[in-house]
Structure formats: structure tokens, C-alpha cells
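1. below are the sequence and a predicted model for it; my questions follow.
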Amino acid sequence: MLEVVNVSRLFGQKAAVDRISFAVDRPAFVGIIGRSGAGKSTFLRMMNRLTEASDGEIRVEGRNILTLAGAEKRQWQRQCAMIFQQFNLVPRMDVCSNVLHGILNGRSLAATLFNLWSEAEITRALEILDRLGIAEQAPKRAEALSGGQQQRVAIARALMQDPKVILADEPIASLDPMNAQVVMDTLRRIHDEDGRMVIANLHTLDTARRYCDRVIGMRDGRIVFDGTPQQLTTGVARDIYGADASFNESATSTAIEQPDRDYAETMLA
Ligand SMILES: Nc1ncnc2c1ncn2[C@@H]1O[C@H](COP(=O)(O)OP(=O)(O)OP(=O)(O)O)[C@@H](O)[C@H]1O
């Protein structure tokens, strides 16, 4: 379904992504992990053509999506929706309109300028919000919602595009552990129920192990691990993160930490 062949992206002399190759033969839930600057975001942005690749091919069902132009490129961008760490909603706009913005890319200029949505489109947006458990938030301004709710609105906006692939760039990095779990559960459910491929950049190992079918580890623009969550041992993780023997997994965990009682007592005294 997806073949990435020798894909690179240079910024000046520096290769942010350096000749990476991998193939996925079914719409799997793929996690990409690695320390900051490893090239994870650059890869996702090349997938949906927000950033141009310097070299290589990304074939989706046999077609190299890196060479698409004009209407074909826009059509591909509709098929691979993106979700960002900071949600990228329009804060002062209501939730339902934010979701409808998922289909802006495929509409006429007049329809866009005058915010003309058909009844069928509005019904679909509300159905998607209902599916994600946030239908009652539809008339509220996006900025009035919690981070976890805002990220679910962003997922609803992505679903409005009816994408084949969802690209999630650090989708839970701004969320507390409970909201992070709700958002990851939502992405996994969409994958399981709809058969949409998900590729998520993740910064926590436990999340990658728990939700992904396949994990790709990047370091300095290269792929240094490609395997199952079970194969992602502490030793492998240490290698991906370029850490020494003192590497502590909890530093890359979303688990809710027990407060330090002595510290708490000192603060309360
Ligand atoms: N537009 C740009 N211009 C110059 N350098 C860039 C640009 N975008 C990314 N880079 C560089 O490319 C490298 C990879 O960045 P990228 O954001 O893809 O890493 P990442 O693994 O997603 O890290 P993070 O988790 O911090 O976003 C970094 O060294 C970064 O500074």
C-alpha cells in the first residue's frame, strides 16, 4: 500500500531525512519515534506535500505521490489528512465550522468565501462529532474546549476529508495523560473501524508500544529500527534515542507519575 524509497530532504547541507526506505503492505497503525530533530515531522510533511522531498519516491498504491501536481496533488492532500500537536483550529470559530473546514480544499472559491455549506455537509460534520463523543460541543467556540476535546475536533476535521491516511504529528504532546489516552484511543478506533492507515509521530515509548502495529525508529534522519512493539526493548530504545546506559524509559513515558510525598509535604508545610 505504501512504499517509501530512498527519500531524503536536505536543508542546506544538512539532511533532515536521509535516504529512508520502508514499505507497509496494509493500512496499519504505524508509529515513528525518535528524539527531537530526528526528522519525523519532515517525513510526515513530505508525505502530504507540505514539504517537498529532495530525492526519492513515496508510492501509494503504486503511484509516486511526490510528483503529483495541480488538481492531482490537491486530491492526494485530501486523501491524507494531517493532525498537529497544537490542533491548528480556528480558535474563535465554532466547532462545527472548524470541522467543515476539512473540506475547504475541495470547494469553489465562492462557496469558501461565503462559508456556504450544504445541509448534507453540516449533517455529516455533526455525525462525525457525535461519533467522537463531542456533538454537544458543536456550537461552542473551539477555544472554549479542553486540549483533548480540541484534538478530537481536529480529528473530526480530518475525517470530514474521508482520508485514506491520517498523519498525526505528535498528536498528544500537548495533552495531559488522560486526554492523551482519549485521543490515542480515538485514533486507534478510527483505524480499526474504518481501515484507515494512521502514521503517528510519537514522543513516548509506552504510547508507541500500546497503540501501534509497527514502530519505526529514526535517528539523525535515518531509520535505525523498524519492527513490532514487542521488539522495541529498552536496549533498542536507548539506541534510537542515542542515550547511554543511564537511559531512563520513564523520561519518554506518559504514565501518570505518583507525586513525591516528601516534596508535597514540604510544599504544604
Ligand atoms: N524549514 C527548515 N529549515 C531548516 N532546517 C529544518 C527545517 N525543518 C526542519 N529542519 C531541521 O531538520 C531536522 C529534522 O527536523 P524535524 O522537525 O523533522 O525533526 P523531528 O524529529 O520532527 O523533531 P521534533 O520532534 O522536535 O519536531 C532538524 O535538525 C531541524 O532543525
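-> Yep, it's here. Numbering: from 1, shown residues only.

2. which residues does V95 contact?
-> By C-beta atoms under 8 Å, 6 or more residues apart in numbering, V95 lies in contact with 129, 134, 137-142, 145, 153. Placement of C-beta: from N, CA and C, glycine included.

3. ok, which pair from those is furthest apart?
-> Longest distance between any two of the contacts of V95 is 14.5 Å, between L129 and R141; criterion C-beta to C-beta.

4. just give me the closest of the contacts of V95 to V198.
-> Distances from V198 to the contacts of V95, taken by C-beta to C-beta, are shortest for V153, at 17.5 Å.

5. the closest residue to Q86 other than its chain neighbours: what's it in contact with?
-> Ranked by C-beta to C-beta, 6 or more residues apart in numbering and with sequence neighbours excluded, the top spatial neighbour of Q86 is S174, at 6.4 Å. The contact partners of S174, by C-beta under 8 Å, 6+ apart, come to 85-87, 147.

6. mind checking the SS state of S174?
-> Classification of S174 using DSSP: H, G, I helix; E, B strand; the rest coil returns coil.

7. need the pLDDT of it.
-> For S174, the pLDDT comes out at 92.

8. quick check on it: phi, psi?
-> S174 adopts backbone torsions of phi -100, psi 10, taken as degrees, to the nearest 10.

9. ok so, going back, looking at L129 and R141, which has the bigger crowd around it?
-> Legend: neighbour count by other C-beta atoms under 10 Å for L129 and R141, higher for L129 (24 against 16).

10. correct me if wrong: the more buried one contacts V99.
-> Yes. Contact criterion C-beta atoms under 8 Å: L129 and V99 qualify, at 6.3 Å.

11. quick check: neighbours shared by these two?
-> 153, 156.

12. all strands for this protein, in order.
-> Remark: strands assigned in the chain by DSSP state E are 2-11, 14-24, 29-33, 55-60, 63-64, 80-84, 165-169, 197-201, 214-219, 222-227.

13. burial measure for R222, as a count.
-> Applying other C-beta under 10 Å, I find that R222 has 15 neighbouring residues.

14. now for it: which residues touch it?
-> Applying C-beta under 8 Å, 6+ apart to R222 gives the contacts 18-20.

15. what does the pLDDT read for it?
-> 97.

16. for D226, same thing?
-> What the model reports as pLDDT for D226 is 97.
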